[in-house]
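[1] Quick one: sequence plus predicted model below, questions after.
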Amino acid sequence: GQNIDQPTEMTATEGAIVQINCTYQTSGFNGLFWYQQHAGEAPTFLSYNVLDGLEEKGRFSSFLSRSKGYSYLLLKELQMKDSASYLCAVRDGDYKLSFGAGTTVTVRA
Amino acid sequence: ETGVTQTPRHLVMGMTNKKSLKCEQHLGHNAMYWYKQSAKKPLELMFVYNFKEQTENNSVPSRFSPECPNSSHLFLHLHTLQPEDSALYLCASSQDGGQGADTQYFGPGTRLTVL
């Protein structure tokens, strides 16, 4: 099976920066996704990385290192509305998508 | 994206009941998925349909029975469930069924409680 690890919880202050790490071991690799899920709501797509490097989208950035089996999601200028669960998902060699258990981020005033 | 809808949003059922979950996507996608999300656990893929054909059954017990009458609608029929089946059931859709950057878009889920 696939193995995708991310921290369970993180807490940060409004206006700060938080980095959520994701490590993976999969049979083949065809891309890594990050999703945001607010409590009681649908997961929503944030980013997709398939090549090494940093992808920036406004306050959110995602980084990938395929050789290290490692990604991170960087949230800058944190706002209260960023309190949510962040899911790391990897598409393996058979194009199946496997998810991590999610990281719950709490933003405090 | 709010193009994937699910009904009902909440469902409480006994172990002997039969119920169905419904999912509809308004995105013109060709693939649809059922996932199970339990607390503190990763999303578990249950079923995949591509162009109405089932392409994945991830060792799901037969008490869960999917149906995909067309590319826009997906059902999950439930019967004789167990309390451990209580979870959030998420539906998703995507354009191409998993190639390249094909992105899955999720519905809000049905919170199922089995008594």
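    Noted; the coordinates are in hand.
[2] Show me which residues of chain A are close to chain B?
    Applying CB under 8 Å from any CB of the partner chain, we find that chain A lies next to chain B at A:4, A:8, A:30-31, A:33, A:35, A:40-45, A:48, A:50, A:87, A:89, A:91, A:95-102. In this view, the C-beta of every residue, glycine as well, is placed from N, C-alpha and C.
[3] Quick check: phi and psi on residue B:16?
    phi -100, psi 0 (degrees, to the nearest 10).
[4] and the closest residue to it other than its chain neighbours, what does it touch?
    In space, and not counting its chain neighbours, residue B:16 is closest to residue B:80: 6.5 Å by CB to CB, 6 or more residues apart in numbering or on different chains. Residues near residue B:80 by CB atoms under 8 Å, 6 or more residues apart in numbering or on different chains: B:15, B:16, B:63.
[5] Make sure the first one is actually in contact with residue B:82.
    Yes: in this structure, residue B:15 sits in contact with residue B:82. The criterion is CB atoms under 8 Å, and the distance is 6.6 Å.
[6] Quick check: which helices or strands does the helix or strand bottoming out on mean pLDDT in chain A pack against?
    When each helix and strand of chain A is scored by mean pLDDT, DSSP states H and E, strand A:97-99 comes last, with a mean of 91. If you count contacts as 3 or more CB pairs under 8 Å, 6 or more residues apart in numbering or on different chains; DSSP states H and E, strand A:97-99 packs onto strand A:84-91.
[7] Parallel or antiparallel, which strands does the strand it packs on pair with?
    Counting by DSSP bridges, the strands paired with strand A:84-91 are strand A:32-37 (antiparallel), strand A:97-99 (antiparallel), strand A:103-108 (antiparallel).
[8] for the contacts of residue B:80, which one is nearest chain A?
    residue B:63 (22.9 Å; CB to the nearest CB).
[9] ok, how many other residues are close to residue A:21?
    15 (other CB atoms under 10 Å in any protein chain shown).
[10] which non-adjacent residue is nearest residue 68?
    Using chain A here. Using CB to CB, 6+ apart, the closest residue to residue A:68 is residue A:23 (7.9 Å).
[11] Actually, chain B is the one I wanted.
    residue B:49 (4.2 Å).
[12] re the thing from before, the strands paired with strand A:84-91 into JSON lines, with extra columns for mean neighbour count?
    Supplementary listing: the strands paired with strand A:84-91 in JSON lines, determined by neighbours: other CB atoms under 10 Å in any protein chain shown:
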{"stretch": "strand A:32-37", "mean neighbour count": "23"}
{"stretch": "strand A:97-99", "mean neighbour count": "22"}
{"stretch": "strand A:103-108", "mean neighbour count": "17"}
